[in-house]
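Undergrad: Structure of the sequence below:
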Amino acid sequence: MCDTVVALGSATADGAVIFGKNSDREPNEAHHLLLVPRARHEPGSTVKCTYIEIPQVEETYAVLLSKPFWMWGAEMGANEHGVVIGNEAVFTKVPYEKTGLLGMDLIRLALERSRTAREALDVITTLLEAHGQGGNCGFARDFYYHNSFIIADPTDAWVLETAGRQWAAEQVRDIRTISNGLTIGSEWDLASDDLVNYAVDRGWCKGRDDFHFARCYSDFVYTTFGRSHARQCRTTDVLRARKGAITVESVIAALRDHGPASPDAGPDWTPARGIGGRQICQHAGWGPIRGDQATGSMVSHLTPDAQTHFLTGTSAPCTSIFKPVWVDAGLPDIGPEPTGTYDEATLFWRHEALHRATLRDYATRIRLYADERDELERGFIEGALSCASAPQEERAAFSARCFEQADQAEADWWKRVQAAAGPARMGPLYAAAWRKFNTEAKMPELP
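TA: Numbers count the residues shown, from 1 in each chain. This is a model prediction of the structure:
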């Protein structure tokens with residue numbers, strides 16, 4: 001389960017397009033940041049995606065990916081032309097195919113092959129109709145779904161929602177958010193040729209007059225229990241309250257949102273409560289619908305002259321720091337690629353020790369470093385946007401310094417949490433869920 005947002009220049013403080021996404025995956029499904037350079041390919045060659053092989057194009061563009069470590073595709077990413085894409089799992093009445101292109105594969109393919117948001121939409125829909133979408137999307141458990149996307153560039157943005165090989169697309173007017181449910185209704189800007197007839201043939205509607213994409217195609221049970229409507233309304237409300245003044249910080253705050261009382265959700269708020277709570281900043285727990293959490297986050301500031309991306313590379317944006325990256329300036333050395341088990345040498349798992357220790361008494365321990373997190377991050381954002389048009393070498397050095405400072409800060413916060421740790425306040429069922437996650441990941445003992 002995830003949440004993706006975009007605000008066009010008409011809704012932002014400085015006229016930039018600002019995009020953001022939380023990627024919700026299984027707790028031990030480590031997120032990895034990867035930069036793939038532009039490349040040329042032999043005519044007639046193929047590319048092996050997560051499950052299937054498809055024809056390769058002659059040239060692929062440089063891409064920055066934020067991805068589950070085990071799959072070829074990505075949950076979100078950007079390319080050298082300033083195109084950004086994030087996807088959402090959506091649940092429909094159309095049968096899920098056992099193999100095909102994952103929604104995450106479609107993101108990477110579109111980023112590698114497009115110069116604009118509209119071109120990326122065309123790439124995805126063409127590949128979708130030619131190869132279909134399908135395959136297990138889960139890490140430790142089987143999980144099948146279809147996909148929706150927000151696709152943006154420095155001047156334009158689109159929402160694309162799919163059900164099998166059927167699809168509908170809507171051009172964004174100012175602010176748009178999506179979650180884990182179809183949102184396009186009886187009006188759209190583009191659609192697959194047989195979108196309505198497919199529904200009519202299956203008795204989901206009688207014709208165009210009573211056709212509603214989300215109502216006709218949605219699977220009621222999964223869409224309802226994922227609380228996609230409530231989450232999508234929440235992100236929309238948070239951003240619309242700032243319309244005309246939306247900044248990178250505004251979108252980060254939205255991704256850290258824990259509910260109507262955010263940013264702190266009350267001094268005693270903790271993710272340990274409840275079995276069905278689904279916040280934008282999602283924390284895993286116990287119960288049938290709390291098996292995932294925000295394992296990586298991204299916010300992009302897009303103008304025609306410069307595109308600056310802020311990524312965590314780590315889970316739970318409320319415990320993480322967004323750090324700047326530019327596609328042309330490269331990705332700093334972040335250590336080896338993570339796997340599904342603990343490895344202190346990796347960015348993801350090093351942070352995970354701090355994150356999971358914080359969860360043991362969230363209300364107390366998050367206050368040990370939240371103010372410093374905000375102050376450090378504010379400096380990163382101001383510095384990155386002020387040097388966004390500087391020479392490549394200068395931006396690369398700034399990005400590297402930010403990653404180093406963030407790593408040192410988290411090491412200091414980890415020591416602070418260890419020193420101040422009292423008894424865990426998790427509740428027996430929440431504690432049992434995290435003992436299981438930690439055992440599976442071979443985590444060291446936490447304070």
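Undergrad: Is my assumption valid that Glu393 occupies a position in a helix?
TA: Yes: assignment of Glu393 by DSSP: H, G, I helix; E, B strand; the rest coil places it within a helix.
Undergrad: Just list the residues touching it, thanks.
TA: Ala329 (C-beta atoms under 8 Å, 6 or more residues apart in numbering). For every residue, glycine as well, the C-beta is placed using N, CA and C.
Undergrad: And it, how close does it get to Val123?
TA: 32 Å (C-beta to C-beta, to the nearest Å).
Undergrad: Likewise for Asp333?
TA: Relative to Val123, and taking C-beta to C-beta, Asp333 is found at 31 Å.
Undergrad: Could you check which of those two is surrounded by more residues?
TA: The neighbour comparison of Asp333 against Val123 (other C-beta atoms under 10 Å) goes to Val123, with 20 against 9.
Undergrad: all helices for this structure, in order.
TA: Per DSSP state H, the chain carries helices over the ranges 103-113, 117-131, 195-201, 213-217, 220-225, 228-240, 248-255, 347-359, 362-365, 370-386, 392-420, 428-441.
Undergrad: right, so those helices: which one is the most enclosed?
TA: Highest mean neighbour count of the helices of the chain: helix 103-113, a mean of 26 (counted as mean count of other C-beta atoms under 10 Å).
Undergrad: Run through the chain and note the low-pLDDT ranges.
TA: 261-266, 274-277, 288-289 (pLDDT under 70).
Undergrad: repeat that for 90
TA: 1, 220-228, 259-269, 272-279, 285-291, 427 (pLDDT under 90).
Undergrad: give the contact list for the residue nearest to Lys323 when sequence neighbours are not counted.
TA: Nearest residue to Lys323, sequence neighbours excluded (C-beta to C-beta, 6 or more residues apart in numbering): Cys402, at 4.8 Å. Shown in contact with Cys402 (C-beta under 8 Å, 6+ apart): 323-324, 380, 383-384.
Undergrad: ok, which pair from these is furthest apart?
TA: Farthest pair in the contacts of Cys402 (C-beta to C-beta) is Lys323 and Gly383. Separation: 11.0 Å.
Undergrad: Leu64: neighbour count?
TA: Neighbour tally, Leu64, other C-beta under 10 Å: 27.
Undergrad: That one contacts Val327, correct?
TA: Yes: contact criterion C-beta atoms under 8 Å: Leu64 and Val327 qualify, at 5.0 Å.
Undergrad: which residues do those two both contact?
TA: 35, 78-79, 309.
Undergrad: For His258, state which of the residues you listed is nearest.
TA: His309 (24.2 Å).
Undergrad: Can you tell me the number of residues neighbouring that closest one?
TA: A total of 25 residues lie near His309 under the criterion other C-beta under 10 Å.
Undergrad: how far away is it from Met76?
TA: 10 Å.
Undergrad: what sits in contact with each of the two?
TA: Joint contacts of His309 and Met76 (C-beta under 8 Å, 6+ apart) are 84, 298.
Undergrad: Most neighbours of all the shared contacts of Leu64 and Val327, which one?
TA: Ala78 (30 neighbours).
Undergrad: give me the beta-bridge partners of that one?
TA: Leu64, Val84 (DSSP bridges).
Undergrad: try the one 10 residues further on
TA: Judged by DSSP bridges, the bridge partners of Glu88 are Ser148.
Undergrad: Surely it touches Leu182?
TA: No: between Glu88 and Leu182 there is no contact, the gap being 9.6 Å when judged by C-beta under 8 Å.
Undergrad: before we move on, back to that, nearest to Thr341, of the contacts of Cys402?
TA: Lys323 (24.2 Å).
Undergrad: and the closest one, what is it in contact with?
TA: Residues in contact with Lys323 (C-beta under 8 Å, 6+ apart) are 310-313, 380, 399, 402-403, 406.
Undergrad: May I see the residues you listed arranged in CSV, with distance to Ala13 as well?
TA: Shown next, in CSV, are these (distance: C-beta to C-beta, whole Å):
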residue, distance to Ala13
Phe310, 16
Leu311, 21
Thr312, 23
Gly313, 26
Phe380, 18
Ser399, 23
Cys402, 22
Phe403, 26
Ala406, 25
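Undergrad: for these, which one is nearest Trp286?
TA: Distances from Trp286 to the contacts of Lys323, taken by C-beta to C-beta, are shortest for Thr312, at 24.6 Å.
Undergrad: mind putting the helices of the chain in a markdown table, distance to Glu97 included?
TA: A markdown table is the format used below for the helices of the chain (distance: least, C-beta to C-beta, whole Å):
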| stretch | distance to Glu97 |
| --- | --- |
| helix 103-113 | 12 |
| helix 117-131 | 10 |
| helix 195-201 | 15 |
| helix 213-217 | 16 |
| helix 220-225 | 17 |
| helix 228-240 | 22 |
| helix 248-255 | 31 |
| helix 347-359 | 30 |
| helix 362-365 | 40 |
| helix 370-386 | 41 |
| helix 392-420 | 39 |
| helix 428-441 | 29 |
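Undergrad: Quick one: closest of the ones you listed to Ile54.
TA: helix 117-131 (5.9 Å).
Undergrad: how close does Leu359 get to Trp434?
TA: Taking C-beta to C-beta, one finds Leu359 at 7 Å from Trp434.
Undergrad: Apologies, that question was intended for Ala140.
TA: For Ala140 relative to Trp434 (C-beta to C-beta), the value is 15 Å.
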